[in-house]
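1. Let me see the structure of the following:
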Amino acid sequence: MSYILEALRRAEAQRQQQSAEPPGLGSANGIGVPVVPPPAAPDPAPAAAGPASGRAGWLAGSVAVAVLGLAAVVVLQATRPATGPAPASPAPTAASATPATAAPPPPTAVPAPPPPTEAAPAPILQPAPAPAPAPVPVQEAARPAPPPTTARPTSAAVPRYGDLPESVRSTLPAISVQGVTWSENPALRHLIVNGRVLQEGQSIGPEHVLEQIGRDGSVLNHRGQRYRIGH
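-> Model (predicted):
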């Protein structure tokens, strides 16, 4: 704005100077170029020169003011800092300040892993057959041991019932033998006397004992008298 005011003041001063001086006498115009006066020519009407030169000076001053105003506007536009929103200039600056992200490299082709090979099945170990249990020996039922017998003479040395004297036979109790079972095992020998099943060592009656059962006869003892009966 100061440039315009300065230009207007200069134009006004020049206009006033031109109005006071005759035009064309080396005065500076609006653009600062010296005015070369034209060659002098005979003036047919000297009396009318005063008003014509005044109008020409006013016109030249107006032109100078217009030229100065236009120059001031041009200078002002050239020197005024740019105002208003910038079109998009900061964007490239920001883009240049910030390094562009590098594009990721193309993925490297990774070879596909080979298909897993099936492991050979582990051999199935058959368990060793369990040893057959040792047979448990069968224990036979313990058989009752035969009652201990005192050593006694064989039946051959025992007199037969019929060989006894009559006085002895009359003291012996009467007996009746109904059956006999003989075995190598004395525990399995039986004699049926007077309807009773007896084994060796059992009593037939009071003080009357069955001592031995043989194949063909048995030995009895009555009050210490031993004798043999047949079957």
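2. C-alpha from now on. contacts and neighbour counts both.
-> Will do.
3. mind listing the helices for this protein?
-> Here the chain has its helices, by DSSP state H, at 2-20, 49-79, 90-97, 166-169.
4. comparing these, which gets the lowest mean pLDDT score?
-> In terms of mean pLDDT, the lowest-scoring of the helices of the chain is helix 90-97 (a mean of 45).
5. Would you map the strands across the protein?
-> Taking DSSP state E as the test, the strands found in the chain are 177-181, 190-193, 196-198, 203-205, 208-213, 217-222, 225-230.
6. Deepest-packed of those strands, please.
-> strand 208-213 (a mean of 21; mean count of other CA atoms under 10 Å).
7. now what about it, what contacts it?
-> The contact list for strand 208-213 (CA atoms under 8 Å, 6 or more residues apart in numbering) reads 182, 189-191, 198-204, 218-223.
8. quick one, it and strand 225-230 angle?
-> Using axes from the mean of the first three to the mean of the last three CA atoms, to 10 degrees, one finds that strand 208-213 and strand 225-230 are set 50 degrees apart in direction.
9. pLDDT on strand 208-213, on average?
-> In this model, strand 208-213 has an average pLDDT of 96.
10. shouldn't V180 be in contact with L191?
-> Yes: look at V180 against L191 with CA atoms under 8 Å: they come within range, at 4.5 Å.
11. end to end, how far does stretch 218-231 reach?
-> End-to-end distance of stretch 218-231 (CA to CA, to the nearest Å): 8 Å.
12. Show me the domain layout of this protein.
-> 2-35+53-79, 155-230 (automatic domain parsing).
13. Please report how far the spatially closest residue to V73 that is not a sequence neighbour lies from W58.
-> Using CA to CA, 6 or more residues apart in numbering and skipping residues adjacent in sequence, the residue nearest V73 is I4, 7.6 Å away. To W58, I4 is 20 Å away according to CA to CA.
14. quick one: the nearest residue to R160 once chain neighbours are set aside from S170, how far?
-> Nearest non-adjacent residue to R160, counting by CA to CA, 6+ apart: R228, 4.7 Å away. Between R228 and S170 the distance is 15 Å, computed by CA to CA.
15. Same list (the strands of the chain) but as a markdown table, adding distance to A132.
-> Supplementary listing: the strands of the chain in a markdown table, determined by distance: least, CA to CA, whole Å:
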| stretch | distance to A132 |
| --- | --- |
| strand 177-181 | 44 |
| strand 190-193 | 44 |
| strand 196-198 | 47 |
| strand 203-205 | 53 |
| strand 208-213 | 48 |
| strand 217-222 | 52 |
| strand 225-230 | 56 |
